[in-house]
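Asker: Got a predicted model here, sequence first, then my questions.
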Amino acid sequence: MKKTIIIYFILSNFTCFCQNISFSKVISPYGSVESASFVATGIVKQDNNYILSLIGFDTSSVTHVNNLQSLYFAEVDSNGENFQILNKYVEADTNFYVNSGAFIKTHNGGFCYIGDIDSNYNDKGQHFIMFFDSSMNNILTKIIPHDTIWEAIKQVKETHDHSFIIVGVRYVTDLIGNVLIIKIDSFGNQLWKKTIATGDLSGGWQIEETPDKGFLIEGYRSSSVQNYGWPFILKTDSVGNFMWDHFFGGVQINGSASFAITQDSNYIVALGYAVYTDPNGQYSLARLNVIKYTPDGTQIWNKMYDTIRLNYNVNKIQVLPNNDFIVMGSNGKMNELDSYFHFETFLMKFNSNGDSLWRKSYFYSAQNVDENYLYDNILNPDGSITACGFVDGDTIVPFQKIWIMKTDSNGNSPACDYAGVDEIYYTINKGEVRVYPNPATMQTTIAFPQLKEEGDIQLYNMLGQIVYKEKLVKGSSQTKLSIQHLKAGLYKVIVREKGIIKGEVSLVKE
């Protein structure tokens, strides 16, 4: 029986001719033992080797009969060879849960790792924080109980003062979740803890310290009642106080997002913008949406790329020294007859102006509904990427294997496909139409570029019906809307000038 590992998440016919420095390999720590499924969730560089964080089912201990997830760390060399397990954590009646971005290298050459454990699927669980020296010897482990019905920590980063900032999700009820932020010192002691409410089931997935010593957070907001999902970013000050946020996507279940801070301190955000979600919410059709912001949240540009693809998700962005950047994510790909599909990972490269340079997709197994996911990557000095994840397929034994892949500086790797990409300037938020506060309860303000002619503003509900319309005079640049009469839900705001759409933005009425 399959034992699927649980982790925290959401082309052309031209074949790449890849250089010798690249590779694409799968690894099974216990060989062809059917029950020994493994995935790699994190990767860091140590000297000339790579260290991987792994989640798997242990087969060498009597505790594996409980079918519980164990935590491993392993090392491979720069060619993806000589795999060896460095240490493992196998606890009776205990599951380990982690996310990509939970494993980092610290300023002193050591490592930090975070995650969650529970003793059974009904327990609300505990956080764990581990510190290691440069040889991956565990020097400290802290266990922190949850103080609500459920919490999970997703990503950790070291701050300028050598403390650590952690982001995650904190459930208040079964239907309400908030962004969780925790700052700890180098001994794992909590310095402060904050939550930020963004509505519905929300949580934080990525965090980064900004040049002003504040924090930028990426998260996701979803509602099983209204069947939508929005990625977002929010900015806080140095002690976690909310400053501003931006929500992304259309009135659908949009794909996951990621962000990066550029060399000139601006922000790049990328997501899968859904144009359609099937009624059961199982699959969505989406394109890649990339947006650039100034440090104060002002939009610089907003573009859409690529063809419409199945379940488009973004999970990491790497910025190069010249401010070019590489987006990594995943999508489903149909075969030539559209009779079945598999899931694959992609890399797309852009220059600092958002002009697309190339797109490469990668997969190890392409049978029906096989999964080829790369969760984490590191940027090498020559501009190449080394990434890790897993391959899952019915014809693979065991059915989940570790996948590690290295590209050359042009994104080429064995078994990759190449496709050129053209960008399209997108109308959503064009001219930086803003809504604040958003979500709102009683009143909200719509701000837009100053109108040169008369115009109007329209509100549409999720059924596409106009629920409000107001004329806008020449020279106006904002208007206040009373929304207390509207039902709670998601609305589209459209600003027009002489009948021409100048911008669109989404509004949540609580």
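Answerer: Perfect, thanks for sending it.
Asker: where exactly do the strands run in the stretch 1-150 of the chain?
Answerer: Counting by DSSP state E, counting those that start in this stretch, the segments of the stretch 1-150 of the chain that form strands are 23-27, 38-46, 49-56, 70-76, 84-89, 95-97, 103-105, 111-118, 126-132, 138-145, 150-158.
Asker: Relative to the longest strand anywhere in the chain, what are the paired strands and their orientations?
Answerer: Determined from DSSP state E, the single longest strand within the chain is strand 299-319. Here strand 299-319 has these sheet partners by DSSP bridges: strand 284-293 (antiparallel), strand 325-334 (antiparallel), strand 423-425 (antiparallel).
Asker: Out of those strands, flag the one nearest residue 374.
Answerer: Closest approach to residue 374 among the strands paired with strand 299-319 (CB to CB): strand 325-334, 6.5 Å. Every residue, glycine included, has its C-beta placed from N, CA and C.
Asker: buried stuff in the closest one?
Answerer: By neighbour count on 16 or more other CB atoms under 10 Å, the buried set for strand 325-334 is 325, 326, 327, 328, 329, 330, 331, 332, 333.
Asker: cool, and stretch 70-83?
Answerer: 70, 71, 72, 73, 74, 75, 76, 78, 80, 83.
Asker: I figured the fifth one was touching residue 39, is that so?
Answerer: In other words, residue 74. No. Counting by CB atoms under 8 Å, residue 74 sits too far from residue 39 to count as a contact (12.0 Å).
Asker: list residues touching both of these two?
Answerer: When contacts are counted by CB atoms under 8 Å, 6 or more residues apart in numbering, residue 74 and residue 39 are jointly contacted by residue 54.
Asker: Tell me the helix or strand right after the lowest-mean-pLDDT helix or strand in the chain.
Answerer: The helix or strand of the chain with the poorest confidence is strand 423-425; it has a mean of 62 (mean pLDDT, DSSP states H and E). For strand 423-425, the following helix or strand on the C-terminal side (DSSP states H and E) is strand 434-436.
Asker: Quick check: neighbours of that following strand in the sheet, parallel or antiparallel?
Answerer: Paired with strand 434-436 in the same sheet, following DSSP bridges, are strand 443-447 (antiparallel).
Asker: Please enumerate residues in contact with the strand it pairs with?
Answerer: Residues from elsewhere that reach strand 443-447 (CB under 8 Å, 6+ apart): 432-438, 457, 477-484, 493, 495, 505, 507.
Asker: And the next helix or strand past it?
Answerer: Following strand 443-447 in sequence, per DSSP H and E, is strand 455-460.
Asker: Against which helices or strands is that next one packed?
Answerer: Strand 455-460 sits against strand 466-472, strand 478-482, strand 489-497, with contacts defined as 3 or more CB pairs under 8 Å, 6 or more residues apart in numbering; DSSP states H and E.
Asker: Need the CA coordinates for the second one. CSV is fine.
Answerer: Taking C-alpha atoms only, strand 478-482 is exported to CSV below (Å, rounded to 0.1, in the frame of the first residue of the first chain):
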residue,chain,number,x,y,z
GLN,A,478,-9.9,58.4,-6.0
THR,A,479,-13.3,57.8,-4.6
LYS,A,480,-14.7,56.4,-1.3
LEU,A,481,-17.2,53.6,-1.5
SER,A,482,-19.8,52.7,1.2
